[in-house]
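Enquirer: turn this into a structure:
(4 chains)
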Protein chains: 2
Amino acid sequence: MARKKTKLAYIENPTTRRTTCRKRVKGLLKKAGELKILCDIDVCVIIYNSKNDQIPVVWPSSEAEAKRIISEYQLRSEFYQSQRKVDQKSYVQQYVNKVIEKLTKLQRKNREMEMKNLIGQLFLGKAIEEVQPFDIVDLLSAIDDKLKMVDHQINVLKEVQKVDDGVGPSQIHYMIP
Amino acid sequence: MARKKTKLAYIENPTTRRTTCRKRVKGLLKKAGELKILCDIDVCVIIYNSKNDQIPVVWPSSEAEAKRIISEYQLRSEFYQSQRKVDQKSYVQQYVNKVIEKLTKLQRKNREMEMKNLIGQLFLGKAIEEVQPFDIVDLLSAIDDKLKMVDHQINVLKEVQKVDDGVGPSQIHYMIP
DNA sequence: GTCACTATTTATAACTC
DNA sequence: TGAGTTATAAATAGTGA
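Expert: Alright, predicted model coming up:
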């Protein structure tokens, strides 16, 4: 950008190209450094000639810092990709979700069993005063479920009775869970 | 770089900072693009604000191209790559292990509760014949644990008795779980 | 090939709308 | 806000040593 307007095209002359390259790489890295300082954002620049085996030029020169920036980029990229393609979740994510699902089911089952157990204990003589307030809501809900079931069975039997036309209801056994 | 010489320091004013950032990012990416065309080399720029969740700005905009450049860089930097893999693995592994640990604890608790429940049901009149063979091993083990606990308590009491020198043993109450 | 030196182009800080 | 303008700083293409 000087003496002549640059034509944006591959520089055929090797000497000129290499000189330009050296100058512009220096400039690019300087700009990257300034951007980081002025705006306090993470910047990482990777430059290399894929046609030779030279070590890539990387900014920041601190490998740890570059590593941090790249891996965070990859993490974010993965995250956004997974956001976009919910169906194509990574293997690990699927696995973790499976385990979490299992865990949730178990927790629910666990809670139900605790209630069952509590009902049993009440029958065994445990005073209702000993039941923690925290548990009472779930206990009532468990009892409610049981009553609904019983209610439903009664209705079914009533229907059967109607169909049977005048035949008396059979004896109902209420089983303790 | 205009109107005034820029002082290379963090721009405190948020409006100014954001404007500068936008302009300079645009400039940096333009430079990166020119460098690639003029000298035919691989360039990748990653820019993001680590303080917010926005999608990182990456050049080249083709994500596949950016990934190719990054992965080739990583390949060239063997040490870096192996370090990263180990770090990432351990992080995910730690998380999975945590969840599995929680799951295992819950399963154990669950099984214990099932047994407690079963003992309660037996007291309520459930026939031992109705207990599934699969459960009997754990049931026996649960009863065994209970007996061991009782045994231990007896021994503790015996020790106390010895120390008390001649005083008779206090009455032991066996509590139903 | 690399440095130093400009003449220019380009980027951009401060400003306006 | 953000996009456009302008004056100036910065980058750099071409040049010679």
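Enquirer: contacts, neighbours, all on C-alpha from now
Expert: Will do.
Enquirer: how about the contacts made by residue A:25?
Expert: By Cα atoms under 8 Å, 6 or more residues apart in numbering or on different chains, residue A:25 lies in contact with residue B:35.
Enquirer: swap the cut-off to 10 Å and go again
Expert: By Cα atoms under 10 Å, 6 or more residues apart in numbering or on different chains, residue A:25 lies in contact with A:31, A:47, A:57, B:31, B:32, B:35, B:43.
Enquirer: tell me which helix or strand it sits in.
Expert: In the assignment (DSSP states H and E), residue A:25 maps to helix A:14-39.
Enquirer: that helix to helix B:14-39, inter-axis angle?
Expert: 170 degrees (axes from the mean of the first three to the mean of the last three Cα atoms, to 10 degrees).
Enquirer: can you point out the buried residues in helix A:14-39?
Expert: Within helix A:14-39, the residues scored as buried using 16 or more other Cα atoms under 10 Å in any protein chain shown are A:17, A:20-21, A:24-25, A:28-29, A:31-39.
Enquirer: name whatever forms a beta bridge with residue A:43.
Expert: residue B:47 (DSSP bridges).
Enquirer: hmm, it is touching residue A:32, no?
Expert: Yes. With contact defined as Cα atoms under 10 Å, residue A:43 counts as touching residue A:32 (6.5 Å).
Enquirer: which residues are in contact with both of these two?
Expert: Common contacts of residue A:43 and residue A:32 (Cα under 10 Å, 6+ apart): A:59, A:60, B:25, B:45, B:47.
Enquirer: does the helix holding residue A:25 reach DNA strand C?
Expert: Yes. Contact of helix A:14-39 with DNA strand C (Cα under 7 Å from any atom of the strand) involves A:15, A:19, A:31.
Enquirer: which residues touch the second one?
Expert: Looking back up the chat, that one is residue A:19. Residue A:19 makes contact with residue B:39 under the criterion Cα under 10 Å, 6+ apart.
Enquirer: make it 8 Å
Expert: By Cα under 8 Å, 6+ apart, no residues touch residue A:19.
Enquirer: roughly how far does it sit from residue A:39?
Expert: Shown here: residue A:19 relative to residue A:39, a distance of 30 Å by Cα to Cα, to the nearest Å.
Enquirer: same thing with the last one?
Expert: Shown here: residue A:31 relative to residue A:39, a distance of 12 Å by Cα to Cα.
Enquirer: give me the common contacts of the two.
Expert: Counting by Cα under 8 Å, 6+ apart, nothing touches both residue A:31 and residue A:39.
Enquirer: next one: residue A:30, what pLDDT does it get?
Expert: Residue A:30 is assigned a pLDDT of 89 by the prediction.
Enquirer: just checking, which helix or strand of chain A averages the lowest pLDDT?
Expert: helix A:133-164 (a mean of 59; mean pLDDT, DSSP states H and E).
Enquirer: now chain A against DNA strand C: closest residue?
Expert: Closest approach of chain A to DNA strand C (Cα to the nearest atom of the strand) occurs at residue A:2, with a separation of 3.0 Å.
Enquirer: tell me the secondary structure at residue A:58.
Expert: Secondary structure, DSSP: H, G, I helix; E, B strand; the rest coil: residue A:58 is strand.
Enquirer: next, the contact list for it, please.
Expert: Going by Cα under 8 Å, 6+ apart, the list of residues near residue A:58 reads A:44, A:45, A:46, A:47, A:66.
Enquirer: closest one to residue A:7 out of the residues you listed, please.
Expert: Residue A:7 has its nearest neighbour among the contacts of residue A:58 in residue A:47, at 21.7 Å by Cα to Cα.
Enquirer: and the closest one, what does it touch?
Expert: Contacts for residue A:47 were tallied using Cα under 8 Å, 6+ apart; they are A:56, A:57, A:58, B:41, B:42, B:43, B:44.
Enquirer: am I right that residue A:113 sits in a strand?
Expert: No. In this structure, residue A:113 is helix, not part of a strand, as judged by three-state DSSP.
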